[in-house]
Structure formats: C-alpha cells, structure tokens
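> kindly generate the corresponding structure for this input.
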Amino acid sequence: MKPPYQVKDSGITMLSDLFSRSTSHINALTQRHLQWIFRVTTRSPLKVIAVSLLLVALSAIMIASTRFEADIFRLFPSRLPALRLLLDSLEWTGGAREAYFVLEGEPALLPVEAEKLATRLQALQLDGKPAFSRVIWRIYEESEGKLFADFIAYAVARPQLFVAATDAEKLAGQLSPVAFDAALQRIKTDLAGQFGGSMTTLATADPLYIRDFILPRLKTASQALDLDTDSPYFLSRDKRVMIVIAEPAQPVQDIEFARRLVVGINQARSGLAVSVSCAGAHVSAVIDEAAMKSNILSCIVSSLFVVLAIFYAVYRRLLPTILLPLIIAAGVILALGSASLLLPSIHIISFAFMALIIGLGTDYSIHLYDRYHCERVAGCDPDQALQYAVVDTGHGLFTAAATTALPFLALMISDVRALYELGLLVGLGVLFSLYATLFFLPPLLIFMERRFPAPFRPIAGLGMGAVYRFTARHPKRILAVSFLMLAAGTVAAFFVSFDGELKNLQPQHSEAFLTQAKIEKHLSLAPRQLLVSIDDRDLARVLDRTGQVGKLVEKYRAANKIVAWSSLSTIINDRDQQQAVAHTLSAASVGEASAASLRSALDRHGFETGPFTPFLDSLASFGSAVSVPESEAIQRLLASPLRGVVNRHLIHDDSGYHSLVFLHYAEPALDVETFLKELAGIDPSARTTSVELVSSQLADSVSNSFLWSFLVGGLLVLFLVITHFESRLGMLYAFLPVGAGAVLMLGSMAVFGMGINFMNAMVIVTIVGMGSD
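Numbers count the residues shown, from 1 in each chain. Okay, here's the model as predicted:
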C-alpha cells in the first residue's frame with residue numbers, strides 16, 4: 001500500500017498532466033484554425049473577399065433598420081423600485097411626454113410673446129394633423145371661464161372642504177358683517193376695471209372673496225415649479241422666466257415624428273422678441289442624439305487620423321495605411337449588424353464605446369502587418385512571411401483578442417442594459433476586428449505585392465533601443481520608481497469618488513440640458529425632491545392613507561426640514577379637518593345672521609340681491625355645515641379648469657389608484673433615511689423615489705452586476721493566459737501591468753478630480769483585456 005503522501009503527489013501529478021494535455025490540445029486547435037485561415041486567404045483570396053463583403057453588406061442592412069435611443073433611463077433595469085416609480089410618475093403626470101419652452105426677456109414682453117408662441121405651436125401640423133395634443137401657458141384658459149366660475153360657486157359654498165383649518169379664524173373674520181362693506185366696495189372696483197366682464201359671474205358666486213383662501217392653495221398644489229402665485233401665467237417669482245408647456249401628439253419612440261417636430265419647433269420660436277429654449281423627451285431624443293453622434297464621430301475620426309498617421313510614419317507604406325480603416329470599418333459593421341439581431345434597439349451611449357474598436361482593431365492589423373513586414377525585410381518570400389504572420393503571430397493575437405473580448409462578453413450576464421449592450425457590442429467588435437484582420441489583410445497584402453511591388457526596409461526604432469539600454473543599465477532604480485508610483489497611485493485610488501448624477505450622462509452643452517438647468521435655477525422649489533406614492537384599489541383607503549402620510553410630512557415641514565410639499569390632503573380637507581373648520585365658523589356665529597347682514601349690505605351698495613341668492617343660501621348654512629365626501633370634491637375639480645391639481649396628485653389606471661405626495665427639500669436639512677424609516681412605520685407599502693434614491697439603487701445594481709461580470713471575465717482571461725503561457729512567470733508578466741495600470745488609472749482620476757460613473761467604470765474592463773494584450 002502506498003503512503004498517503006505518495007497518493008497525494010500522484011494526484012497532483014495527474015491533475016498537472018491533465019492540465020498540460022488540455023492546454024496543449026487547445027493550442028493545437030488554435031494552430032489548426034489559423035492554418036486553415038492562412039490556406040483559404042492565400043489560395044482563394046477573391047472568394048474570401050467576396051464572402052466577407054457580402055457579410056458586411058448584410059450587416060449594413062441590419063444596422064439601417066436598427067433604432068438608436070438617447071433616453072438614459074432605458075440604460076438601467078426598471079425592476080428597481082425607485083426607478084420603476086420614477087418612470088411611472090413621469091408617465092402618469094405627463095413629464096415623459098411634455099415639452100417645456102422657457103422664455104427669457106423683458107417681463108412686460110413675456111406674456112405677449114408666450115401667447116404668440118402658444119398660438120404657433122397650436123397651429124403646427126405634421127402630416128395634416130396637429131403636432132401637439134395640447135398647449136398651455138396660463139393657469140386656465142379664458143374659454144373655460146364658465147367652468148371656472150361654476151367650480152368657485154361650488155367651492156365657496158363649502159368652505160369646510162377647501163379652506164385650510166389654519167385659515168378658519170381669518171375666514172370667520174372675513175365673513176363677519178363688519179367686513180362686508182369692504183368686500184362689496186372691492187367688487188365695485190373690480191367690475192369697473194378691465195376685468196369687469198369676466199368678474200360679474202365670480203362676483204355673484206363669491207361676493208365675500210372666499211376664493212382668496214382657496215385658489216392660492218389649489219394653485220400651489222398644482223405646480224411642480226416655484227411660480228408667481230399672483231400671476232395667471234406660468235411665471236417665475238423673479239419674473240424673468242415664463243414657461244409654456246406642450247404635449248406632442250405622438251410618443252417619443254416615434255423618432256421620425258420627433259425629428260420633424262423639432263424642425264417645427266425651431267420654426268415656431270423664430271422671430272420672437274424674447275429668448276426661447278426647449279427641453280423635454282422629444283427634444284432631448286433628437287438634440288442629444290445629434291450631439292452624441294457628433295461627439296462620437298469626432299472622436300472616431302480624430303482617433304483614426306492619429307492611428308493612421310503613426311502607422312504611416314513608422315512603415316512608410318501608403319496602401320496598408322489606406323487598408324487599415326477599411327478593415328476596422330468592416331469589423332465595426334459586422335459587430336453592429338450581429339448585435340442588432342439580438343437587440344431590439346441600441347442606446348447611443350452604448351454605441352459610443354464602439355470607438356474603442358478603433359484602437360483595439362488597429363492593434364491586430366499592426367501586429368500582423370509588422371510581422372509580415374519584418375519577415376519580408378529578413379528575406380522571406382510573401383507566402384512564408386504571411387504564414388509566419390497569420391499562424392505564428394496570429395496565435396498571440398487570438399489569445400489577446402479572446403482575453404479582451406471575454407471580459408466584455410461576460411458583462412452580458414448583467415440585467416443592467418448599459419452593461420449588457422456595452423459588453424455585447426465591444427466584445428463582438430473585438431472578435432470581428434480580429435477576424436476582419438485575418439481574412440481581409442492577407443488577400444490585400446497579396447494584391448499589394450502583385451500590383452504594387454516595392455522594397456521592404458527596416459522600420460525605425462523610434463528610440464525604443466535607447467529605452468531598452470536605459471532600463472538594462474538601471475533596473476533597480478526603475479523598479480524603485482515604478483513601485484513608488486504604484487504605491488502613490490494605490491493611496492490616491494482610495495479617494496476616487498462615485499458620480500451618481502444621471503443627468504451628467506447627458507451632453508452637458510446640449511439645449512435640453514441647459515434648458516433644464518435654467519428651470520432648476522429660476523423655478524425650482526428646492527434643490528431636491530422626493531416622491532411618495534400610495535397605491536390601492538379603493539379610493540377611500542388611498543385618501544385616508546394619504547392623509548396619514550401628510551401628517552408626517554407636515555411635521556417635517558413645521559420643523560423646517562422640508563421647504564414645501566403637496567398632495568391631495570393639502571387641497572381637500574378630510575372629515576376631521578372639515579369638522580374643525582365648521583366648528584370655527586359656528587363659534588363665530590357665521591350663519592343665518594351673516595346672510596341677513598350681507599343682504600342688507602347688498603341693498604345698501606345698490607346691488608340686486610337676486611343673482612346673489614345661491615351664495616346667500618349657502619352662507620346661511622355655514623354654521624351647521626356637514627362633512628362632504630372627499631371623492632365629491634375630486635370629481636368637481638376634475639370637471640373644472642383646475643383639473644390639473646387632481647391629475648398631478650391622483651392617478652387611476654388598471655392597477656388601481658395612485659396618490660402622489662411631493663416633498664421639496666434641501667440637504668442636509670432632511671435626513672432622508674430617517675424619514676423613510678418613519679414613513680415605513682406609518683405606511684409600509686408606500687413607495688418612494690428621487691434622483692438620489694434612483695442613483696443609489698442603480699449604483700448597487702451596477703456594482704453587483706459589474707463584480708460578477710468582472711469575476712467571470714477574470715477567470716476566463718486567467719484560463720486563456722494559462723493555456724497560452726503554461727508558466728507562472730509568463731502569467732506574472734501578463735497580469736502585473738494590468739493591475740498596475742488599473743491602480744494608476746484610478747489614482748490619476750482622484751488626483752484630477754474625476755469621478756467614476758455608471759459608464760466610465762467600463763474602462764476597467766477594457767484595461768483587463770487590453771492590458772493582457
């Protein structure tokens with residue numbers, strides 16, 4: 001019987017032999033594959049070129065039918081609670097559909113020019129149909145004046161329903177007989193003024209101006225922006241900016257409609273006496289897409305120019321220099337065409353990373369051509385030089401391409417679209433660039449040798465010989481400096497920050513981005529906003545839960561931890577609040593005596609009492625007012641020009657009712673984590689979202705997906721490197737520059753104030769692959 005240590009040693013030996021045979025088999029398969037490529041490209045070059053061009057043409061056709069998107073929210077998984085609610089709220093409230101026009105200029109000109117713009121937008125047509133389903137620039141349209149008066153008549157007859165309990169004492173004072181003369185004198189002034197015609201109905205419906213306690217409350221709750229409450233327009237408090245809101249007739253997914261809509265918008269806003277800028281999903285989809293494409297094209301062209309200039313300066317051969325961009329283009333087209341078979345659409349930001357293929361794809365062509373050039377200089381004939389290049393150097397290129405592509409393709413295990421698309425596009429781009437080089441370059445070199453023969457001369461050393469001699473003379477100093485830099489980079493890398501602002505992924509010089517910045521500067525209620533959604537199929541339960549959440553939020557507002565907030569509970573009183581208002585009015589003896597006093601005051605001021613009878617009857621019952629169902633108030637608001645108040649805070653769809661509570665706050669006044677804990681204690685099923693919550697959840701999701709992808713890709717790279725080198729020293733030489741490069745990159749980002757965001761984190765994946773090359 002063998003001793004245990006001998007059994008252990010024999011097991012290790014068996015594993016070592018198995019591993020050695022596996023790596024030898026993989027290397028042999030790679031060699032045979034490359035030899036096959038060499039045979040078909042040298043024996044049938046025209047057939048290879050023809051088939052390759054056919055595949056490129058088919059890929060180009062696929063690309064032409066591919067839809068490119070610019071919406072940054074589509075880059076990330078909507079299953080995340082905060083992002084899901086954010087997207088839902090944008091859809092519910094119209095924020096995902098609306099276009100915002102920001103007018104800047106002289107305050108006196110803003111209303112006039114806003115009306116001109118609104119008229120042009122309403123008249124704008126595409127394909128014989130209105131381009132916008134609605135255009136609003138005032139709190140309510142004059143055409144709805146009767147509906148407005150009807151609602152006022154309903155609301156002032158039920159002050160317990162719409163007047164805040166905190167204003168009940170002031171209202172009681174305004175309803176006392178001593179205040180009647182002042183109110184009636186105000187009516188005379190209003191009727192005699194420019195608003196006389198429109199004021200008649202309001203005067204008879206509300207002669208005591210109870211609406212002054214109701215309308216500001218409704219107006220404040222109807223606005224997501226900090227507007228001038230005294231203006232009938234969407235005017236900022238500093239009176240420097242006015243907003244016109246329009247809803248396009250078609251969704252943003254119809255990109256052709258969006259493009260033509262932007263052309264029409266540019267025509268509509270031309271020639272106005274004020275500056276007009278625009279933001280919104282449609283505008284962003286077109287303008288941001290154009291800006292991104294322009295930036296990407298500039299990067300590609302400039303990168304390609306630099307690469308070709310360096311190549312020509314080294315090899316001094318014009319035809320190979322011209323062939324490089326053709327090979328790169330073929331690789332990119334094949335990659336995009338293949339990806340379009342797997343993806344319904346491609347995001348423009350993911351597409352931007354295809355610029356990496358210029359550098360990666362050029363590497364393969366340079367290595368292959370460099371080996372061919374050197375062998376020709378050494379005296380080899382074209383066939384032998386090509387065989388060395390394709391089979392010998394090609395083996396290293398094959399491993400290099402695999403170690404670059406696999407970390408990217410490993411990102412496809414992620415459910416984050418940004419990672420999935422990027423991994424697929426760049427991974428395929430690397431592989432197709434390699435095969436485009438292997439299949440295109442040999443036939444083209446054969447063609448060059450036959451049609452344009454020229455002597456091959458040794459290439460310039462570019463000073464690398466001096467670098468080699470210097471490193472050979474001072475190895476210890478170089479190692480010391482290198483490790484010192486690596487240590488400094490490691491320390492600095494711990495200070496690199498994460499930039500979770502989603503808007504920073506947009507082109508920051510585009511009109512949509514700058515317009516949004518103007519809105520935040522002039523019209524923002526507070527720097528931060530938090531949204532709470534209470535969902536239920538029963539309206540009564542939704543309203544009751546909203547009231548409970550409202551009490552918590554009001555406690556925070558009273559403590560100055562939030563700037564402002566709004567919900568249905570801020571405009572419609574619940575049963576307890578209605579009883580409190582009614583009790584205050586009853587205690588102030590507001591009732592039949594007040595109605596009789598007002599009737600006498602009307603006679604005294606020369607008014608006919610007949611038109612005021614409905615209000616007088618309501619005033620007589622104020623002292624014994626009963627609670628009104630909140631659902632009744634909601635229906636009345638929906639039938640009025642102020643329906644936007646309800647539409648902003650209450651949504652009804654197939655899944656039930658969704659009551660929205662908007663909180664506006666500034667950091668660090670509000671501890672969001674503490675608030676969310678208290679909210680969960682009151683209403684565990686309430687959902688919340690904000691830009692910060694979305695960024696936090698996205699960061700967790702992206703980092704988790706990135707970590708798993710990095711581990712899978714790293715293991716695949718490790719396996720490929722082991723099979724290629726079969727020695728520990730070779731693996732060390734391959735991985736040491738990778739780790740050092742990643743550390744120094746992160747350290748440099750910290751030193752120069754750059755942060756890691758959801759997209760540039762992918763550069764680390766690039767370093768793993770390219771560094772292994």
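> now do the strands in this structure.
Using DSSP state E, the strands assigned to the chain run over residues 67-69, 99-104, 125-126, 129-130, 132-136, 241-248, 275-280, 345-347, 528-536, 564-566, 650-653, 656-665, 687-689.
> list the buried residues of the fifth one.
Residues of strand 132-136 classed as buried: 132, 135, 136 (neighbour count, 16 or more other C-beta atoms under 10 Å). (Each C-beta comes from the backbone N, C-alpha and C, glycine too.)
> equivalent analysis for the longest one, please.
Along strand 656-665, these residues count as buried under the neighbour rule (16+ other C-beta under 10 Å): 657, 658, 659, 660, 661, 662, 663, 664, 665.
> next, the angle from it to strand 528-536.
Strand 656-665 and strand 528-536 are oriented at 160 degrees to each other (axes from the mean of the first three to the mean of the last three C-alpha atoms, to 10 degrees).
> report the distance from stretch 168-176 to the chain centre.
49 Å (C-alpha atoms, centre = their mean, to the nearest Å).
> how about residues contacting it?
159, 163, 179, 183, 208-210, 213, 580-581, 584-585, 587-588, 590, 594, 619, 622 (C-beta atoms under 8 Å, 6 or more residues apart in numbering).
> swap in 6 Å and give it another go.
163, 213, 581, 584, 585, 588, 590, 594 (C-beta atoms under 6 Å, 6 or more residues apart in numbering).
> the domain parsing of this structure - what is it?
With domains defined by automatic domain parsing, the chain comprises 142-232+525-689, 317-456+696-772.
> returning to that earlier point: Serialize the strands of the chain to JSON lines and add fields for mean pLDDT and distance to residue 546.
Formatted as JSON lines, the strands of the chain follow (pLDDT from 0 to 100; distance: least, C-beta to C-beta, whole Å):
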{"stretch": "strand 67-69", "mean pLDDT": "74", "distance to residue 546": "35"}
{"stretch": "strand 99-104", "mean pLDDT": "88", "distance to residue 546": "28"}
{"stretch": "strand 125-126", "mean pLDDT": "91", "distance to residue 546": "40"}
{"stretch": "strand 129-130", "mean pLDDT": "91", "distance to residue 546": "36"}
{"stretch": "strand 132-136", "mean pLDDT": "87", "distance to residue 546": "26"}
{"stretch": "strand 241-248", "mean pLDDT": "88", "distance to residue 546": "25"}
{"stretch": "strand 275-280", "mean pLDDT": "86", "distance to residue 546": "29"}
{"stretch": "strand 345-347", "mean pLDDT": "78", "distance to residue 546": "37"}
{"stretch": "strand 528-536", "mean pLDDT": "92", "distance to residue 546": "5"}
{"stretch": "strand 564-566", "mean pLDDT": "89", "distance to residue 546": "11"}
{"stretch": "strand 650-653", "mean pLDDT": "91", "distance to residue 546": "9"}
{"stretch": "strand 656-665", "mean pLDDT": "92", "distance to residue 546": "4"}
{"stretch": "strand 687-689", "mean pLDDT": "93", "distance to residue 546": "13"}
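> can you list the ones you listed in a markdown table and add distance to residue 751?
Output for the strands of the chain, formatted as a markdown table (distance: least, C-beta to C-beta, whole Å):
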| stretch | distance to residue 751 |
| --- | --- |
| strand 67-69 | 35 |
| strand 99-104 | 38 |
| strand 125-126 | 51 |
| strand 129-130 | 55 |
| strand 132-136 | 50 |
| strand 241-248 | 39 |
| strand 275-280 | 35 |
| strand 345-347 | 31 |
| strand 528-536 | 30 |
| strand 564-566 | 41 |
| strand 650-653 | 48 |
| strand 656-665 | 34 |
| strand 687-689 | 35 |
